[in-house]
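J.: Sequence isn't available, so here's the structure alone:
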């Protein structure tokens, strides 16, 4: 009997499929984390540590499935078991554990909202810079074969405002313990007046390694009545798992594989709904 089947049989024997874990059961969550790590081409020890990462319980998941470390060592090996043990002490103490933690977060519909990142003065400076100074290009006119209809501006990082956004984004990802595991792929601003198309989409192909999106709302004033929220769908697109209003100074960080959409504003909104997006891909070269 191969190693993986032995591990699955063990998890079934512990009735992990009956233990709730977020919107799924523990058994499915553990397998999903393992599958992500395999997809990222992680070392076998990291993958098996991911399969058992919460087996001992921790501060955020108090259910202890196993207390005998020797049993787990026999199943997945000493190196993998040590990672499991250390993960439940401090999951950010090294890059291997941070990788498991990232896979764990991304299997739990990761959407993190950070409010008041900029004060009113900075929000106004940012708003006027993007509204009045940057060179917007309209895409979706029929000539560029784009499915989108919006204004777009690719960041050049040649001034203080754009460079500060890059540094701020790096700091946000560092605080989340993600930065060392990612690689910046794109950074651009988008702007939509009323009536332009907002198609639901994923920021990464479902068959790719995926990535993390950091999105800043750039308007310096907003009201609930204006609409324009970002909605995140559940996996089956039967419901909305989260809806985020584009408040000034708000940042949302999320799993780029979650399907989402920007809602249109109300008809008499005489401005641009503006966002700034940084996309960081998961680079599997970091995990081997």
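T.: Perfect, I can see it now. Everything numeric in this text was worked out from a predicted model, so none of it was measured.

J.: Next, give phi and psi for residue 208.
T.: Phi and psi for residue 208, reported as degrees, to the nearest 10, are phi -90, psi 180.

J.: now do the one 10 residues further on
T.: In terms of degrees, to the nearest 10, the main-chain angles of residue 218 are phi -100, psi -10.

J.: Just the pLDDT at residue 141, thanks.
T.: Residue 141 is assigned 57 on the pLDDT scale.

J.: Residue 164 too?
T.: 97.

J.: Can you tell me the SS state at it?
T.: Per DSSP: H, G, I helix; E, B strand; the rest coil, the secondary structure class of residue 164 is helix.

J.: and it, how many neighbours?
T.: 13 (other Cβ atoms under 10 Å). For the C-beta atoms, the positions are set from N, CA and C on the backbone; glycine is no exception.

J.: The one 3 residues further on now?
T.: Using other Cβ under 10 Å, residue 167 is surrounded by 10 other residues.

J.: Name the secondary structure element that contains it.
T.: helix 160-175 (DSSP states H and E).

J.: before we move on, what about residue 71?
T.: helix 69-76.

J.: In the next helix or strand after that helix, which residues are buried?
T.: On the C-terminal side of helix 69-76, the nearest following helix or strand under DSSP H and E is helix 78-87. Neighbour-count burial for helix 78-87, counted by 16 or more other Cβ atoms under 10 Å, picks out 80, 81, 83, 84, 85, 86, 87.

J.: Over to stretch 210-221?
T.: Neighbour-count burial for stretch 210-221, counted by 16+ other Cβ under 10 Å, picks out 210, 211, 212, 213, 214, 215, 216, 217, 218, 219, 220.

J.: Arrange these in a markdown table, one row each, with distance to residue 33 as further columns.
T.: Listed next are the buried residues of stretch 210-221 as a markdown table, based on distance: Cβ to Cβ, whole Å:
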| residue | distance to residue 33 |
| --- | --- |
| 210 | 13 |
| 211 | 17 |
| 212 | 16 |
| 213 | 20 |
| 214 | 23 |
| 215 | 25 |
| 216 | 29 |
| 217 | 31 |
| 218 | 35 |
| 219 | 37 |
| 220 | 40 |
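
J.: can you pull the contacts of the closest residue in space to residue 126 that isn't next to it in sequence?
T.: Take residue 126 and drop its neighbours on the chain: the residue closest to it by Cβ to Cβ, 6 or more residues apart in numbering is residue 218, 5.8 Å away. Listed by Cβ atoms under 8 Å, 6 or more residues apart in numbering, the contact set of residue 218 reads 126, 127, 130, 189, 274, 275, 276.

J.: quick one: residue 218 and residue 69, what's the gap?
T.: Per Cβ to Cβ, to the nearest Å, residue 218 is found 50 Å from residue 69.

J.: cool, and residue 267?
T.: Where residue 69 is concerned, residue 267 sits at a distance of 63 Å (Cβ to Cβ).

J.: What of residue 85?
T.: Per Cβ to Cβ, residue 85 is found 7 Å from residue 69.

J.: what residues do the two have in common as contacts?
T.: residue 56.

J.: looking at this, residue 232 is in a strand?
T.: Yes - residue state for residue 232 (three-state DSSP) corresponds to a strand.

J.: Could you measure from the residue nearest to residue 126 over to residue 124?
T.: Distance from residue 218 to residue 124, counting by Cβ to Cβ: 11 Å.

J.: for residue 9, same thing?
T.: From residue 9 to residue 124 the distance is 61 Å (Cβ to Cβ).
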